[in-house]
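Enquirer: pasting the structure only:
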């Protein structure tokens, strides 16, 4: 059986074709300390300037960074933005010979101005209509390169490259030389007959497409994003688009996969505290397309896409994910899955699925862990306080082996099954699960809580699982222990009482 790591390693053997809207993304950053006397706007003193590939060019850059050989078909003007974009592509190992120059066009350019890390304004420029000669040259490139590639990615921002002629040629080429064809388009209905392997609209794009095709007043809710609603939208979308699969992206809520066999599968994302989503969709599409071309199943490919997007959202500016970064992420995920499967795969998978549903319903998930041997008032108060921090409380219980390592060979007093049953019976607790690690890092990465709660005796020491909490976008809350109660002190009192009683009897 091929592992996901092996699939990602195969990316370096693949040739990818990208067709879509080439853009230059520029960022001007600075600090703002006062308003302009000429008008109610901030004065921004520039501190940094950065120019990167954007739009379909960012998809091409991601594919190249992930190891593939890339052919990028697009259009650029004979202007400064076009010159800069070509230089950026060459620096990243992408041949700009297939980027057709239109002497009458202006290159797509998005200029973002930020002050103190906040967007002030974005300026857009660029032509959306091109000469017949330019279009014919683009079609000739497409005709020549399509059969030579393993995967084709359409990155369409509706700025004019994906014309009717291009789409019709794509359809004919896909029929004659079937390839993995991923379509990421803001005008997905234009590609309804192209014969895609998978389309990757976000939730809003899918909903608007479905509602546009329905009579007035029959669409869904404006902001609803429950799994049931997204699944309904996806099934309607599959009746409108000739594609084998639909992967509807839902930002921090993950991806919903649907196919023509009426199967729907939800794959959760990796939420982060401060996400930057510029270019994350390009990273998702690039990694998913390459994974499919490498032989992955649709579910494996979507998961690899999520892994790439989870890296992208942690980066500033328009994001590019490197092959080594993705390999590390995938390797970590496989290690977590194997570690989790070693103890109770079905129970943990079931719990993770239940928590995904809670998360999609808008509930805040709180996690804590401990031995919980001989319950006392301190435990109950601690769990009540933890539950008050969110909507769902999950408690991880140390296995008997783990408890012995932490507390000594005479612990625990109660077995792991008894301790789980007692904690589960407490009103503040919604879910209980067992774990066998020294620290609950794997459990945290699998369950992805919003808040991880620890008792007050951790205030002055580094929390070993803090990194895992940060990776899943959560944060740590330290709660004070009630009256310094602990199981160890309770056991000490029991032993002392028994000893005193024994002396009294013998005396």
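Expert: In hand now; what should we look at? On a predicted model such as this, the values are computed, not experimentally measured, just so you know. Numbers count the residues shown, from 1 in each chain.
Enquirer: shaky segments in the protein?
Expert: Applying pLDDT under 70 to the chain flags the ranges 1, 213-225, 270-277, 335-346, 457-462, 481-507.
Enquirer: residue 8 contacts residue 328, correct?
Expert: No. Using CB atoms under 8 Å as the test, residue 8 is too far from residue 328 to be in contact (10.0 Å). For glycine as for every other residue, the C-beta is placed from the backbone atoms N, C-alpha and C.
Enquirer: can you give me the end-to-end span of stretch 403-423?
Expert: 16 Å (CA to CA, to the nearest Å).
Enquirer: any idea how far it is from the middle of the chain?
Expert: 37 Å (CA atoms, centre = their mean, to the nearest Å).
Enquirer: so what's the gap between stretch 84-97 and the chain middle?
Expert: In terms of CA atoms, centre = their mean, the centre of stretch 84-97 is found 28 Å from the chain centre.
Enquirer: contacts for it?
Expert: The contact list for stretch 84-97 (CB atoms under 8 Å, 6 or more residues apart in numbering) reads 22-24, 51-53, 57, 60-61, 64-65, 70-72, 76, 99, 107, 320.
Enquirer: again with stretch 35-50
Expert: 26-34, 113, 115, 120, 317.
Enquirer: what is the most widely separated pair among those?
Expert: Using CB to CB, these reach their maximum pairwise distance at 34 and 317, which is 26.3 Å.
Enquirer: of these two, who's got more company?
Expert: The neighbour comparison of residue 34 against residue 317 (other CB atoms under 10 Å) goes to residue 317, with 18 against 8.
Enquirer: measure that one to residue 48 for me?
Expert: 10 Å (CB to CB, to the nearest Å).
Enquirer: got it, and residue 23?
Expert: Residue 23 is 20 Å from residue 48, by CB to CB.
Enquirer: higher neighbour count, the two?
Expert: Taking neighbours as other CB under 10 Å, residue 23 and residue 48 compare with residue 23 leading, 27 against 9.
Enquirer: contact partners of whatever helix or strand residue 356 lives in?
Expert: Per DSSP states H and E: residue 356 is located in helix 345-360. Here helix 345-360 makes contact (CB under 8 Å, 6+ apart) with 225-227, 253-254, 266, 268, 340-341, 365, 391-392, 394, 431, 433-434, 443, 446-448.
Enquirer: buried among these? Make that a PyMOL selection.
Expert: To isolate the buried ones among the contacts of helix 345-360 in PyMOL, judged by 16 or more other CB atoms under 10 Å, type:
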select buried, resi 225+227+253+254+266+268+340+365+392+394+431+433+434+443+446+447+448
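Enquirer: so which of the contacts of helix 345-360 are in strands?
Expert: 266, 365, 392, 394, 431, 433, 434 (DSSP state E).
Enquirer: return the residues in contact with the fifth one.
Expert: Same thing as residue 431. 351, 354, 355, 392, 393, 394, 395.
Enquirer: can you flag the buried ones in those residues?
Expert: Buried, going by 16+ other CB under 10 Å: 351, 355, 392, 393, 394, 395, out of these.
Enquirer: SS state for residue 403?
Expert: helix (DSSP: H, G, I helix; E, B strand; the rest coil).
Enquirer: do I have it right that it meets residue 370?
Expert: No. The pair residue 403 and residue 370 fails to qualify as a contact (CB under 8 Å) at a distance of 9.5 Å.
Enquirer: who's more crowded, residue 8 and residue 328?
Expert: In this view residue 8 and residue 328 are compared by other CB under 10 Å, and residue 8 has more residues nearby, 27 against 15.
Enquirer: tell me the first helix or strand C-terminal of the helix or strand hosting that one.
Expert: Assessed by DSSP H and E, residue 8 sits inside helix 4-9. Downstream of helix 4-9, the first helix or strand assigned by DSSP H and E is strand 15-20.
Enquirer: list the contacts of that following strand.
Expert: With CB under 8 Å, 6+ apart, strand 15-20 has contacts from 55-56, 59-60, 63, 68-74, 142, 145-146, 148-157, 161-162, 166, 170, 286, 289-290, 293.
Enquirer: hmm, who's touching stretch 227-236?
Expert: 203, 206-207, 210, 213, 220-221, 246, 248, 250, 256, 258, 262, 264, 266, 357, 360.
Enquirer: roughly how far out does the helix holding residue 356 sit from the chain middle?
Expert: 17 Å.
Enquirer: a helix runs through residue 209, doesn't it?
Expert: Yes. Per three-state DSSP, residue 209 lies within a helix segment.
Enquirer: so what's it up against?
Expert: 188, 189, 201, 237, 240.
Enquirer: try 10 Å this time
Expert: Under the criterion of CB atoms under 10 Å, 6 or more residues apart in numbering, the contact list for residue 209 reads 185-189, 192, 199, 201, 233, 236-237, 240-241.
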